[in-house]
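Undergrad: Show me how the following folds:
(4 chains)
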Protein chains: 2
Amino acid sequence: MGLTRKGEYAIRGMVYLARQEPGKLILVNEIAETVDVPQSFLAKIFQGLTRLGLVRSSRGAGGGFALARPASEISLREVIEAVEGPICANRCVIDASFCGRGGNCTVHPVWHRVQDQVRSILDDVSLAELCD
Amino acid sequence: MGLTRKGEYAIRGMVYLARQEPGKLILVNEIAETVDVPQSFLAKIFQGLTRLGLVRSSRGAGGGFALARPASEISLREVIEAVEGPICANRCVIDASFCGRGGNCTVHPVWHRVQDQVRSILDDVSLAELCD
DNA sequence: GTACAAGAGACAAAAACGATCTTTTGGGTT
DNA sequence: AACCCAAAAGATCGTTTTTGTCTCTTGTAC
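TA: Numbers count the residues shown, from 1 in each chain, chains lettered A, B, ... in the order given. From the prediction side, this is the model:
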């Protein structure tokens, strides 16, 4: 019922990028050190964020990472779901077979309400807003 | 970011109890079998629920479990938190040291908003409402 | 072509999850 | 008192997930 370190680290790293001059490439080592996250781990996390198009990267000398879009156009939800997977209150919402026999689960609508609320809150927060 | 089986099973068991004649003692084996949950596991889960006062139990012949209060007065949140622990979006909300250096975490207020919303939704659902 | 930095994949320790089993305690019945 | 019955308590245990690390490869700039 909570974020893992991967999620926490991803947010820290992305907020750090959001604070930089837009488009400027930053080394993952620099990010990791200043936001206090293990370097190799953050590198792996950013690999995923790159693959999903949240950041862009460049290799070789002068390379690094930068946000793929303006910080105001990247939501907290996007970052979290990129590393943690879709926000889901209970497996039964995704996998009907997880519900008890038959699967006519009376709690189902509650899970949907929870998910919708959480998503809505997280949608309304952009990286730009987290830079203060 | 989701309920574990323990939580799911607890809810199934509690809803089953809520459907019974109030005060009637039900064997854990009966509950486990009808809600399709491993017996020993459900027994452990109900031990915890008893300790926390959500159900009452009686040993020996004719023993079993029953809700400690009317189903309308037990919220879904109580059941979930009893087995999963407090609802918490991110460890940094509980443990300040988990936040990055210094701990002036700009995401903090967001986590609070998330938690409050989830708790509120779950508070407003009683076991009685889950019996239909 | 060489140095640099990200990409990709294998590996691994530690913690959490998902149970199971045995023994003990307490309540009812004969 | 002896005896069953069912929950309480605690130990154990395999699997999965989390939380990393390490090495090697690929691409880029100079």
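
Undergrad: how many other residues sit next to the residue nearest to A:G53 when sequence neighbours are not counted?
TA: Excluding its sequence neighbours, the residue lying closest to A:G53 (C-beta to C-beta, 6 or more residues apart in numbering or on different chains) is A:A68, at 5.6 Å. From N, CA and C alone the C-beta is placed, and that goes for glycine too. Residues within reach of A:A68, counting by other C-beta atoms under 10 Å in any protein chain shown, total 16.

Undergrad: what sits against A:A68?
TA: Counting by C-beta atoms under 8 Å, 6 or more residues apart in numbering or on different chains, A:A68 makes contact with A:53-56, A:74.

Undergrad: try it again with 10 Å
TA: By C-beta atoms under 10 Å, 6 or more residues apart in numbering or on different chains, the contact set of A:A68 is A:17, A:49-50, A:52-57, A:74.

Undergrad: and if you look at A:S126?
TA: A:S126 neighbours (C-beta under 10 Å, 6+ apart): A:18, A:70-78.

Undergrad: For it, give the beta-bridge partners.
TA: Beta bridges link A:S126 to A:S75 when assigned by DSSP bridges.

Undergrad: Check which element follows the worst-scoring helix or strand of chain A on mean pLDDT along the chain.
TA: Lowest on mean pLDDT, DSSP states H and E among the helices and strands of chain A sits helix A:91-94, with a mean of 79. Using DSSP states H and E, the helix or strand that directly follows helix A:91-94 along the chain is helix A:108-123.

Undergrad: Alpha carbons only: can I get that following helix in CSV?
TA: Taking Å, rounded to 0.1, in the frame of the first residue of the first chain, the C-alpha atoms of helix A:108-123 are listed here in CSV:
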residue,chain,number,x,y,z
HIS,A,108,-15.0,-4.0,-6.8
PRO,A,109,-16.7,-0.6,-7.1
VAL,A,110,-14.8,0.7,-4.0
TRP,A,111,-11.5,-0.2,-5.6
HIS,A,112,-12.4,1.7,-8.7
ARG,A,113,-13.3,4.8,-6.6
VAL,A,114,-10.0,4.6,-4.8
GLN,A,115,-8.0,4.2,-8.0
ASP,A,116,-9.8,7.1,-9.7
GLN,A,117,-9.2,9.4,-6.8
VAL,A,118,-5.5,8.6,-6.5
ARG,A,119,-5.0,8.9,-10.2
SER,A,120,-6.8,12.2,-10.2
ILE,A,121,-4.7,13.6,-7.4
LEU,A,122,-1.5,12.5,-9.1
ASP,A,123,-2.5,13.7,-12.5
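
Undergrad: before we move on, back to that, in the least confident helix or strand of chain A, what counts as buried?
TA: Buried residues in helix A:91-94, counting neighbours by 16 or more other C-beta atoms under 10 Å in any protein chain shown, are found at A:91-93.
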